[in-house]
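1. Generate coordinates for the sequence data below:
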Amino acid sequence: MLLEAVPRRASSIWTRAYLRLLLYGDTMCALLACVCVLGVRLLAGVYIPWVEFLLGFGLVVAWPVALMMGGAYRQRANGEGTDEFKAVFNGGVGLMAAVAIMAYATQTAIARSFVMAMLPLALLATLYYRYRMRKRLHRRRAAGDYMRQVIAVGHRESILDLVVQFRRQPYHGMQVVGACLPEHSMDVDLDGIPVLGSFGDVANVAEKERADAVAVLACPELDGAALRRLAWSLETARTDLFVAPALLDVAGPRISIRPVAGMPLLHVEHPEFDGTKQVVKTVFDRVVAATALLLLALPLLAIALVIRMTSKGPALFFQTRVGKGGKEFRVVKFRTMVVDAEQLKGALLEANEFDGVLFKIRNDPRITKVGAFLRKYSLDELPQLLNVLRGEMSLVGPRPPLPEEVAEYGTDVRRRLVVKPGMTGLWQVSGRSDLTWEESVRLDLRYVENWSLILDLQILWKTWAVVTRGEGAY
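-> Below is the predicted model of the structure:
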């Protein structure tokens, strides 16, 4: 079992314990796969020479070694699903390829069952084990355990933003325990985060607090030379150094480091909004939407009947929204409010609980009892599959805004309109209606800047978990 309590600034203790658990678990997955393959062959009456037993258990020992070579035991991959799963997959596939090549080169036929059955089974079992361990680690981090202590360096606004993000997403395992600010702003309030020094005190503060990492946010005072000296001063204590670029919310394959004239330059590629990737996304959206409509036809009909039986008015609600390029379209949803909800909105404007241009009330009196249930689990949005099928929306994208909201958009916010709006998105899996207006906009812009089919699949996977819990919806 994982350690029940982790003392503050003792990440190395739980990290070693966690890595040992991963090592033991991965080995057991390989052993289980080996026993299953050999057991099935024995039950089928196949004679197995002792050499195959030795080879099988040799592969069990080689399995964690292959994963280690693939980077599956790096500390920074702990709890980060994509990087961790990619490392496990690369290590497992690498071992399969090595065994297959050796068997072909030596004309050995006995390795066939291991390459075709044992190693793929071990890979699937290990991925599932890593997934369960990652979920358990996330639960412990949500409770405040297994966190890495971080000293934030920068200006007040950027540090507050970092603190909010870390608190909202504790599964990343980062906790800001102190800050270093410019000399002229040492007495500012940082939402409970103590100011421990200035930019010149970062190394001493990190050593005194026994911090695991230092996060340097974009600020003009810390240029290349200053960052280089800071990195040197953190080497002795092995404190990690993270540097946030001035260009935020751009990540993934769009960013690469290219040495030019002896200088490492950050190269940012333009996002792709047309071409082959967009065609693939459109085909994927429409195929999934058509399939979902066929499979959910009866449940959708049942929901419509319940709405008609429990309140006056039609089952469906049509509303004008703004899509890609500012083009308006009519979104279709299940009706969750009383028929005259729009006429009643004016009397409720003072009760708006949302900051920004959105109108949201946690206990909106216009919502029917059935509507509250549908909203909690996002069932009211299922008819939007028709909008996806017509090409007006996508399965994943920014939230479809109202025309009056778009009228109040600034230049930056209008960037949301360069892609189709989505039934779900980063806003859906990151807090839904609990997000502030600024956080909602930032998530939408982050999606626009980094969209890909893989990201869409990840968001769709996370949407299921968020919706079934019914969190942040009203």
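
2. May I ask which helix or strand encompasses Ser113?
-> helix 112-113 (DSSP states H and E).

3. In CSV, list the C-alpha atoms belonging to the next helix-or-strand element following that helix.
-> Next helix or strand after helix 112-113 toward the C-terminus (DSSP H and E): helix 119-142. C-alpha atoms of helix 119-142 as CSV (Å, rounded to 0.1, in the frame of the first residue of the first chain):
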residue,chain,number,x,y,z
LEU,A,119,4.2,-9.6,-24.1
PRO,A,120,1.0,-8.0,-25.5
LEU,A,121,-0.9,-9.3,-22.5
ALA,A,122,1.8,-8.0,-20.1
LEU,A,123,1.6,-4.6,-21.9
LEU,A,124,-2.2,-4.4,-21.5
ALA,A,125,-2.0,-5.5,-17.8
THR,A,126,0.7,-2.9,-17.1
LEU,A,127,-1.2,-0.1,-18.7
TYR,A,128,-4.2,-0.9,-16.6
TYR,A,129,-2.1,-1.2,-13.5
ARG,A,130,-0.5,2.2,-14.2
TYR,A,131,-3.9,3.7,-14.8
ARG,A,132,-5.2,2.5,-11.4
MET,A,133,-2.1,3.7,-9.6
ARG,A,134,-2.3,7.1,-11.3
LYS,A,135,-6.0,7.5,-10.2
ARG,A,136,-5.0,6.5,-6.6
LEU,A,137,-2.1,9.0,-6.7
HIS,A,138,-4.5,11.7,-7.9
ARG,A,139,-6.9,11.0,-5.0
ARG,A,140,-4.1,11.3,-2.5
ARG,A,141,-2.9,14.6,-4.1
ALA,A,142,-6.4,15.9,-3.9
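
4. so where's the stretch 1-150 of the chain uncertain?
-> Applying pLDDT under 70 to the stretch 1-150 of the chain flags the ranges 1-11, 77, 79-81, 108-112.

5. what about the helices in it?
-> All helices of the stretch 1-150 of the chain, identified by DSSP state H, counting those that start in this stretch, fall at 11-43, 50-69, 81-106, 112-113, 119-142.

6. could you dump these to CSV with mean neighbour count?
-> Placement of C-beta: from N, CA and C, glycine included. What follows is the helices of the stretch 1-150 of the chain, written out as CSV (neighbours: other CB atoms under 10 Å):
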stretch, mean neighbour count
helix 11-43, 17
helix 50-69, 17
helix 81-106, 16
helix 112-113, 16
helix 119-142, 18
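
7. closest one to Ala290 among the ones you listed?
-> Checking the helices of the stretch 1-150 of the chain against Ala290 by CB to CB gives helix 81-106 as the closest, at 28.6 Å.

8. Tell me what angle that closest one forms with helix 119-142.
-> Orientation note: helix 81-106 sits at an angle of 160 degrees relative to helix 119-142 (axes from the mean of the first three to the mean of the last three CA atoms, to 10 degrees).

9. between helix 81-106 and helix 11-43, how many degrees?
-> 40 degrees.

10. Which strands and helices lie in contact with helix 81-106?
-> Where contact means 3 or more CB pairs under 8 Å, 6 or more residues apart in numbering; DSSP states H and E, helix 81-106 is packed against helix 50-69, helix 119-142.

11. looking at these, which is closest to Gly371?
-> Nearest of the helices and strands packed on helix 81-106 (CB to CB): helix 119-142, 30.2 Å.

12. Now the phi/psi pair for Cys180, please.
-> Note on Cys180: its backbone torsions stand at phi -120, psi 120 [degrees, to the nearest 10].

13. That one reaches Val195, doesn't it?
-> Yes. Proximity of Cys180 to Val195 meets the contact threshold set by CB atoms under 8 Å, at 7.5 Å.

14. With neighbour numbers in mind, choose between the two.
-> Cys180 (24 against 18; other CB atoms under 10 Å).

15. and that one, what are its bridge partners?
-> Val153, Gly197 (DSSP bridges).

16. Could you measure from it over to Thr236?
-> 18 Å (CB to CB, to the nearest Å).

17. now do Met133
-> 32 Å.

18. same question, Leu119
-> Per CB to CB, Leu119 is found 42 Å from Thr236.

19. do the same with Ala17
-> Separation of Ala17 from Thr236 (CB to CB) stands at 25 Å.

20. what does Met28 give?
-> Distance from Met28 to Thr236, by CB to CB: 38 Å.

21. try Glu438
-> 39 Å.

22. Neighbour count: those two, which is higher?
-> Under the criterion of other CB under 10 Å, the comparison of Glu438 against Thr236 puts Glu438 first, with 12 against 9.

23. what mean pLDDT does the helix or strand encompassing the more buried one have?
-> Of the helices and strands defined by DSSP H and E, Glu438 is found in helix 437-450. Helix 437-450 carries an average pLDDT of 81.

24. Does anything pack onto that helix? Which helices or strands?
-> Helix 437-450 is packed against helix 426-429, with contacts defined by 3+ CB pairs under 8 Å, 6+ apart.

25. again, only using 10 Å
-> helix 156-168, helix 426-429, helix 453-469 (3 or more CB pairs under 10 Å, 6 or more residues apart in numbering; DSSP states H and E).

26. Next, the angle from that helix to helix 156-168.
-> Calculated by the same axes, to 10 degrees, helix 437-450 forms an angle of 80 degrees with helix 156-168.

27. can you pull the buried residues of helix 437-450?
-> For helix 437-450, the neighbour count (16 or more other CB atoms under 10 Å) marks Glu439, Ser440, Val441, Arg442, Leu443, Asp444, Leu445, Arg446, Tyr447, Val448, Glu449, Asn450 as buried.

28. Spell out the residue ranges of the strands in the stretch 301-450 of the chain.
-> 316-322, 328-334, 394-396, 422-424 (DSSP state E, counting those that start in this stretch).

29. still on that earlier bit, next, show the common contact partners of Cys180 and Val195.
-> Common neighbours of Cys180 and Val195 are listed as Ile159, Met186, Val205 (criterion: CB atoms under 10 Å, 6 or more residues apart in numbering).

30. The closest residue to the first one other than its chain neighbours: what's it in contact with?
-> Going back to what we said before, that points to Ile159. With CB to CB, 6 or more residues apart in numbering as the criterion, Ile159 has its nearest non-adjacent residue at 4.6 Å, and that residue is Ala152. For Ala152, the contact set (CB under 10 Å, 6+ apart) comprises 158-163, 166, 174, 176-181, 190, 193, 211, 213-217, 242, 244.

31. Report the mean confidence score over stretch 156-172.
-> In this model, stretch 156-172 carries a mean pLDDT of 85.

32. Distance from the chain centre to that stretch, please.
-> With CA atoms, centre = their mean, to the nearest Å as the basis, stretch 156-172 stands 15 Å off its chain's centre.

33. In CSV, list the C-alpha atoms belonging to that stretch.
-> Coordinates of each C-alpha in stretch 156-172 appear next as CSV, following Å, rounded to 0.1, in the frame of the first residue of the first chain:
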residue,chain,number,x,y,z
ARG,A,156,2.2,39.1,-8.3
GLU,A,157,-0.4,38.5,-11.1
SER,A,158,1.5,35.6,-12.7
ILE,A,159,2.2,34.0,-9.3
LEU,A,160,-1.5,34.3,-8.3
ASP,A,161,-2.5,32.7,-11.6
LEU,A,162,-0.1,29.8,-11.0
VAL,A,163,-1.4,29.3,-7.5
VAL,A,164,-5.0,29.2,-8.7
GLN,A,165,-4.1,26.6,-11.4
PHE,A,166,-2.2,24.4,-9.0
ARG,A,167,-5.1,24.5,-6.5
ARG,A,168,-7.7,23.7,-9.1
GLN,A,169,-5.7,20.8,-10.5
PRO,A,170,-3.9,19.2,-7.6
TYR,A,171,-3.3,16.0,-9.5
HIS,A,172,-0.2,17.6,-11.1
